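*Asks:* After the sequence you'll find the predicted model.
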Amino acid sequence: MQNFKTAFRLSLPVLGAYWFLGITYGLLASSMGYDLWVPMVMATLIYSGSVEFLALSILTSAFDPTAAMVMALMVGARHLFYGIAMLDRYRGAGWKKPLLIYWLSDETFAVNYASNGSYTQSLWVSVLDYLYWLSGGVMGYVLGATMGESLMHHLEGLDFVVTAMFVAIFMDDYLRNRQAHMSAWLGIGAATLCLMMFGPSQFIIPTMLCILGALYIKYRRTER
């Protein structure tokens, strides 16, 4: 029970972010004429917000499986780095490990990596985040079906909550963990440089490759 209470407290920022984004996702699906089961099946099986938004548009156009696969891989490529970062953290998790891997979203990774809790606590965070997203999608679809597009206008700009959540998690970890200061500044520097070089739509993957390369060099020097 204590693991659940701690996980719920840690996941509260994600609740706000996922409900707003999930509601937007449900509203969009409703406005595009989908039945409720379509966005919900995608939310359950894909569980990648960016890819799910793209999938709504892909399904209304001429379907190209190869293009859809490449697009989904590019959009979700950052999750490869999340998995690498959690290799040691999830080693020995037993039957929980497949679920922890499957539910490793951006926000879940940020919370679990910063909290460094037990396997059970991490699993509860993952489960709660997953339920937040699904429930947000259902609420959005129901609201869209009953209130129409008028509600979309009032939700414009609310996607800032995701950025605000990541800033809050980053600052909390920065202030509590002095050993993370170098990694934090490395991330800021790499992101700024790659943003200037590649632009806002293509800087994420180069940034992660730069960070991975720098951390690998540091690791090799430490091992010597």
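*Replies:* Here it is on my side, so go on. No experiment lies behind these values; they were computed from the predicted model shown.
*Asks:* How about residues contacting stretch 183-201?
*Replies:* 170, 173, 174, 203, 206, 207, 210, 211, 214, 215 (CB atoms under 8 Å, 6 or more residues apart in numbering). Placement of C-beta: from N, CA and C, glycine included.
*Asks:* can you check stretch 126-144 too?
*Replies:* Residues contacting stretch 126-144 (CB under 8 Å, 6+ apart): 7-8, 11, 14-15, 18-31, 36, 39-40, 43-44, 47, 49, 99-100, 103-105, 107-108, 111-112, 151-152.
*Asks:* need the contact list for residue 38.
*Replies:* Counting by CB under 8 Å, 6+ apart, residue 38 makes contact with 29, 59.
*Asks:* going forward can the numbers begin at 30, since that is how I track them
*Replies:* Okay, using 30 as the starting number, the last item reads as residue 67.
*Asks:* and the residue nearest the centre of the chain, how far is that from residue 246?
*Replies:* Nearest to the geometric centre of the chain sits residue 135, at 2.4 Å (CA atoms, centre = their mean). Going from residue 135 to residue 246 by CB to CB, to the nearest Å gives 26 Å.
*Asks:* helices and strands of the chain: which one bottoms out on pLDDT?
*Replies:* helix 179-183 (a mean of 61; mean pLDDT, DSSP states H and E).
*Asks:* quick revisit: what's the spacing between the residue nearest to the centre of the chain and residue 221?
*Replies:* Separation of residue 135 from residue 221 (CB to CB) stands at 20 Å.
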